[in-house]
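Student: Would you be able to build a 3D model of this:
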Amino acid sequence: IIHSIEMSCGDVENVDELVEKLVWILANMRTHGRKGGDGSADATLMDEAQKEKFKDVYDAVKNFGLKEEGGNRVPDRECQEAGIGLHSLLVSCLRYCHMPEIRQAIIRCIGNLVFGISRYSTQQYTYLIKHAIDNGVLGVMMTTLRNANSTNQEKREAIRVLNNIASATAFDSLLLELGVVEELERILVSFRTEKEEINLIAISVGCLSHLCYNENNKEYLVKAGVADALLPIVSSMSAKHKFVRAMMGIACLVGDEEKHPALEASEALVKSITAALVASLNKKPYPPDSNTFNEPGNVIKGLFFLAGNENNKILFSKYGTIDVLVKALQGNSHPDYLLERAASTLRRLCFNPEVALSINNVPGFKAFLQRMADKKEANVKKPSLNFHESLSALAWQLENFEHEQQHDFHHQVATNSLSQVMLSYNWSHQDIVLRVNRYLCDHNIHTWIDVEQMQGSTLEAMSRAVESSDVVLVFFSKDYKNSANCRLEADYAHKLGKHIIPIRVDTYDPDGWLGLLLGTKLWYDVRNENNMDALNKLREEISGKINSSPVSKQLEADVASPLTPPALPQMPKLSLDAPSVKLSDSVFSIASWSREEVLAFASKIQNDKLVHVFKSSEMTGSALMSLAISAVLEGPVATAEKLRAGVSKPLAKCHFGVLLAFAAKLYELGVKGSVDA
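Tutor: Sure thing, here's the model as predicted:
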């Protein structure tokens, strides 16, 4: 064992000393048992020299792997990496040593070696933990928890090891399999009883909360009743028992249920959560006089789920939580993943008008969002894609809220020469949605569907889609209800007075904001692809809604009149009938256009998606000429229909509005033989 340690640890300072202490434990502590029920060392079995050696060993072992930094005990990375070779010896000492104090020191040493490892790269901390597990660390910790003779101090240190491993999330499934959750729940049962040991309960709460932060553990933890086990801790508002951590854990488990009673936070609780958030962002402990450091990303994750409750939204605004999140964004000094969570939380809070107003009134915040969206200033850190999309979406929400406050929605409602149905859905059920879309298209119903998972600035495209649609199909599910973007679509459609038709895609029954919005509307079950009756009835209702829409009535009155859809910028006036216009004499010269000329034409459409299709396909001058002739002879609308039907496969994937704008340019090309700037 010593030879293997020397080979793996090298010349790291203090390792040789620790090995000597551990070997002494193996040689001397096996003969020392426990005394009475308190588990204290049996001093009568040791002479004075052994007692002195005992204290020296205890201090050296329990502090290995840590170092002093800024008045705090922090991980010693060099020792942690060297400690990989020590796990076997440490576990051997635990198996043979029965003296509680020494066992406690050894377990603490193991905990030190995996303390703070979530700060490492995934590859690094996975390697460190895997080595510990391979050498039996988890098995020894579970034995310590289940052993009736283990002292509370030993159990506390064992849970600390499990807590440190849980903070890295990579091995959570193994922790659940070993029964860690059930052991921790048994400890929480002693809360507020004569058997209660505060430090033991506090570390148990910390470990459970770390498991709650991992979405993959949610189903298991909910079934295990973890939320109910943590609730008394929250109700106690006891800082010693880590009640803030308990609340964050509960929020992650039941946050999808906006009206769950456990999510209803008191004013005192919101104040404490806000204080914990400030401390975590500043890398300070909370409570201030404790050694509990919260990871800010986890605190904000809990806030996100708590923000689903309407009462909490008001309290977060009242007690400064929103100001802290805004300040974190404006400071732009934290990691992008953390700022993205902060932006997402603010987006969720913005669904409350009072909160949206308070965010809108924060001095300089709207200008900050604009700067981040434009990314023009050299001193502005360029955000990652997800963070940028969240900021853009937040800016869109706030701008839309201003229009609503000014009763300014009328200017956003677009008229469209073609009745359109929008399919609003969450990507988790895209297969069902695409099947319905295919059915509607086959029955000549014009649809708008996002097949590229829009986010951020593309919310503008979403808003135009809602504005230009007569009917919005809401494919409701739990994931739909929990999606901020889906809620934006549904809320916006409702505010504009669009016909909303609910579509069932799973067993979820609408609740919260979605239940309120859908109310008692008749929904259609399209889960079974053979249920043609549901699809036929859906088509009949859509047809009825379209025929009764203001756009359709206007279209019937002015079917031969030119129409200009505002939702499609720079759209020439179109007629549904093929225009009797003479082809340009020079149109046939388009066939000789070079690749560069074809791409230059595409750029004039001013649509990035179309330009991308042109670049990635072999669109030739000859093919472009044929399409231009079709646009003149058959009309832009008929040409757009052909494109969507698959005349040009790359273009068939584009939205119909894009194809219609393209067909209008083709018409201009065919008439003039060129396209004016």
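
Student: for this structure, longest helix please?
Tutor: helix 385-405 (DSSP state H).

Student: list the helices and strands the helix or strand that it is followed by packs on?
Tutor: As assigned by DSSP states H and E, the chain's next helix or strand after helix 385-405 is strand 421-424. Judged by 3 or more CB pairs under 8 Å, 6 or more residues apart in numbering; DSSP states H and E, the packing partners of strand 421-424 are helix 430-442, strand 447-449, strand 471-476, helix 484-495. Glycine gets a C-beta too; all of them are placed from N, C-alpha and C.

Student: So which of those is the most surrounded?
Tutor: Ranked by mean neighbour count, the helices and strands packed on strand 421-424 are led by strand 471-476 with a mean of 25 (mean count of other CB atoms under 10 Å).

Student: Sheet partners, orientation included, of it?
Tutor: Counting by DSSP bridges, the strands paired with strand 471-476 are strand 421-424 (parallel), strand 499-504 (parallel).

Student: Could you give the average pLDDT over the longest helix of the chain?
Tutor: Helix 385-405 shows a mean pLDDT of 77.

Student: now stretch 255-266
Tutor: For stretch 255-266, the mean confidence score works out to 87.

Student: do stretch 284-300 as well
Tutor: 89.

Student: again, but for stretch 57-73
Tutor: 82.

Student: do the same with stretch 443-462
Tutor: Computed over stretch 443-462, the mean pLDDT rounds to 68.

Student: repeat for stretch 94-107
Tutor: On average, stretch 94-107 scores 85.

Student: Quick check: end-to-end length of it?
Tutor: 8 Å (CA to CA, to the nearest Å).

Student: What residues sit buried inside that stretch?
Tutor: Neighbour counts over stretch 94-107 (16 or more other CB atoms under 10 Å) mark 94, 97, 98, 99, 100, 101, 102, 103, 104, 105, 106, 107 as buried.

Student: export these to TSV and tack on distance to residue 297 and secondary structure?
Tutor: What follows is those, written out as TSV (distance: CB to CB, whole Å; DSSP: H, G, I helix; E, B strand; the rest coil):
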residue	distance to residue 297	secondary structure
94	34	helix
97	39	coil
98	41	coil
99	40	coil
100	37	helix
101	37	helix
102	37	helix
103	34	helix
104	32	helix
105	32	helix
106	32	helix
107	28	helix
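
Student: Let me see the ranges of the strands in the stretch 501-650 of the chain.
Tutor: 524-525 (DSSP state E, counting those that start in this stretch).

Student: how about low-confidence regions in it?
Tutor: By pLDDT under 70, the weakly predicted segments of the stretch 501-650 of the chain are 547-588, 605-613, 615-618, 644-650.

Student: Then the stretch 201-350 of the chain?
Tutor: For the stretch 201-350 of the chain, no range has pLDDT under 70.

Student: sorry, back to before: most tightly packed of the strands paired with strand 471-476?
Tutor: Taking mean count of other CB under 10 Å, strand 421-424 is the most buried of those, at a mean of 24.

Student: can I get the CA coordinates of it in PDB?
Tutor: C-alpha atoms of strand 421-424 as PDB (Å, rounded to 0.1, in the frame of the first residue of the first chain):
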ATOM      1  CA  VAL A 421     -53.200  28.800 -38.800                       C
ATOM      2  CA  MET A 422     -50.300  28.900 -36.300                       C
ATOM      3  CA  LEU A 423     -49.200  25.800 -34.500                       C
ATOM      4  CA  SER A 424     -47.900  26.700 -31.000                       C
END
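
Student: Check the chain and tell me which residue is nearest its centre.
Tutor: residue 341 (7.2 Å; CA atoms, centre = their mean).

Student: hang on, the earlier thing: switch the buried residues of stretch 94-107 over to JSON lines; also include distance to residue 629.
Tutor: Below are the buried residues of stretch 94-107 laid out as JSON lines (distance: CB to CB, whole Å):
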{"residue": "94", "distance to residue 629": "84"}
{"residue": "97", "distance to residue 629": "91"}
{"residue": "98", "distance to residue 629": "94"}
{"residue": "99", "distance to residue 629": "94"}
{"residue": "100", "distance to residue 629": "92"}
{"residue": "101", "distance to residue 629": "92"}
{"residue": "102", "distance to residue 629": "91"}
{"residue": "103", "distance to residue 629": "88"}
{"residue": "104", "distance to residue 629": "87"}
{"residue": "105", "distance to residue 629": "87"}
{"residue": "106", "distance to residue 629": "85"}
{"residue": "107", "distance to residue 629": "82"}
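
Student: where does the residue nearest to residue 62 when sequence neighbours are not counted sit relative to residue 89, distance-wise?
Tutor: Counting by CB to CB, 6 or more residues apart in numbering, residue 62 lies nearest to residue 105, which is 3.9 Å off, once chain neighbours are set aside. Distance of residue 105 to residue 89, computed by CB to CB, to the nearest Å: 14 Å.

Student: Show me the shaky parts of the stretch 51-200 of the chain.
Tutor: Ranges of the stretch 51-200 of the chain meeting pLDDT under 70: 117-119.

Student: other SSEs contacting the longest helix of the chain?
Tutor: Secondary elements touching helix 385-405 (3+ CB pairs under 8 Å, 6+ apart): helix 336-349, helix 353-360, helix 365-374, helix 459-467, helix 484-495.

Student: let's see it at 6 Å
Tutor: helix 336-349, helix 365-374 (3 or more CB pairs under 6 Å, 6 or more residues apart in numbering; DSSP states H and E).

Student: Go through those helices and pick out the most buried.
Tutor: Most buried among the helices and strands packed on helix 385-405, counting by mean count of other CB under 10 Å: helix 336-349, with a mean of 23.

Student: Which elements pack onto that one?
Tutor: If you count contacts as 3+ CB pairs under 6 Å, 6+ apart, helix 336-349 packs onto helix 296-306, helix 321-331, helix 385-405.

Student: Cool, thanks, talk later.
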